[in-house]
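1. output the structure for:
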Amino acid sequence: MVAVDDAVHVAAGGRRRDRVGRRAPATAFALVGVALLAGGVALPDWDTLLFVWGGTALFVALFVGLVAAEPTVPATVAGDIYTVAAARARPDAAAPQRYVPTESGVRFASGGEPVGVRLLAGVRTDEAAETPAARAATLVDAVVNHLELAERAAATVDESSAELTARSRLATDELYDHPVASAFAVGIVEAVDRPATVESAVTDDGLVVTCRWDGGEDVPDAAAPGEAGPAANEPRVTDEER
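-> Down below sits the predicted model:
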């Protein structure tokens, strides 16, 4: 059995209590609300005011408890974990990544599932009715508001490429299948239904992700709304062919 120093144990518990107190104040509001209601019973002259304050505090406690019910992982911790995992999985840092649509979903040309497939699983829309430009707008919203992977982002689309510039929340310059880049690349490949080469770079503006897909001359004008999706006569790559 390994002995644990009491001072270390107490310090760790104290840090946890401080962290819980800062991130989950619902208990504090609940205690204040109960105290105010009790005060209203004990002080009839002030009962109306104390009951109002107590009820407000209990409502805030309920609201905060519902909103912050799930534990969160700091972006820096997630970034550190991802950096180590991606470094171990990196096949070739020098080669641009290639994302390929298959019958079972988007995959790397070299094999394996991009992290963006799982990230977008909960925020999917009707890709079949979207142009690349419309899909890019959906992906910007998903990256910033749904997945909360970036503080802000913007995308531009032309006939055979799409570019995303995002201020990523993940404190890492590790670019192998970066979650922001991967989510954008997977969504674009789903929209154009063609293999795409994806390159990422970190600049002063943030993370810049560039997707270039094959056969750009056959892709409908991305800026024109209401047009059909990419050419339907180009088949997907089957899992057997890969």
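2. so residue 106: helix, strand or coil?
-> strand (DSSP: H, G, I helix; E, B strand; the rest coil).
3. doesn't residue 100 belong to a helix?
-> No. Counting by three-state DSSP, residue 100 is not found in a helix; it is strand.
4. please report how far the residue lying closest to it once chain neighbours are set aside lies from residue 167.
-> Excluding the flanking residues, the one nearest residue 100 by CB to CB, 6 or more residues apart in numbering is residue 195, at 4.6 Å. Using the backbone N, CA and C atoms, a C-beta is placed for each residue, glycine as well. For residue 195, the distance to residue 167 equals 28 Å [CB to CB, to the nearest Å].
5. these two: which has the busier surroundings?
-> Taking other CB atoms under 10 Å, residue 195 and residue 167 do not tie; residue 195 has more neighbours (19 against 14).
6. right, and the helix or strand after the worst-scoring helix or strand of the chain on mean pLDDT?
-> Lowest mean confidence among the helices and strands of the chain (mean pLDDT, DSSP states H and E): helix 6-23, at a mean of 44. Moving toward the C-terminus from helix 6-23, the next helix or strand (DSSP states H and E) is helix 26-42.
7. output that next one as PDB, nothing but the C-alphas.
-> Taking Å, rounded to 0.1, in the frame of the first residue of the first chain, the C-alpha atoms of helix 26-42 are listed here in PDB:
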ATOM      1  CA  ALA A  26     -25.600  26.700  -7.300                       C
ATOM      2  CA  THR A  27     -25.100  25.300  -3.700                       C
ATOM      3  CA  ALA A  28     -24.100  28.700  -2.400                       C
ATOM      4  CA  PHE A  29     -27.200  30.400  -4.000                       C
ATOM      5  CA  ALA A  30     -29.400  27.600  -2.600                       C
ATOM      6  CA  LEU A  31     -28.000  28.100   1.000                       C
ATOM      7  CA  VAL A  32     -28.500  31.900   0.700                       C
ATOM      8  CA  GLY A  33     -32.100  31.400  -0.600                       C
ATOM      9  CA  VAL A  34     -33.000  29.100   2.300                       C
ATOM     10  CA  ALA A  35     -31.400  31.500   4.800                       C
ATOM     11  CA  LEU A  36     -33.400  34.400   3.400                       C
ATOM     12  CA  LEU A  37     -36.700  32.400   3.500                       C
ATOM     13  CA  ALA A  38     -36.000  31.500   7.100                       C
ATOM     14  CA  GLY A  39     -35.300  35.100   7.900                       C
ATOM     15  CA  GLY A  40     -38.700  36.000   6.400                       C
ATOM     16  CA  VAL A  41     -40.400  33.600   8.700                       C
ATOM     17  CA  ALA A  42     -38.400  34.900  11.700                       C
END
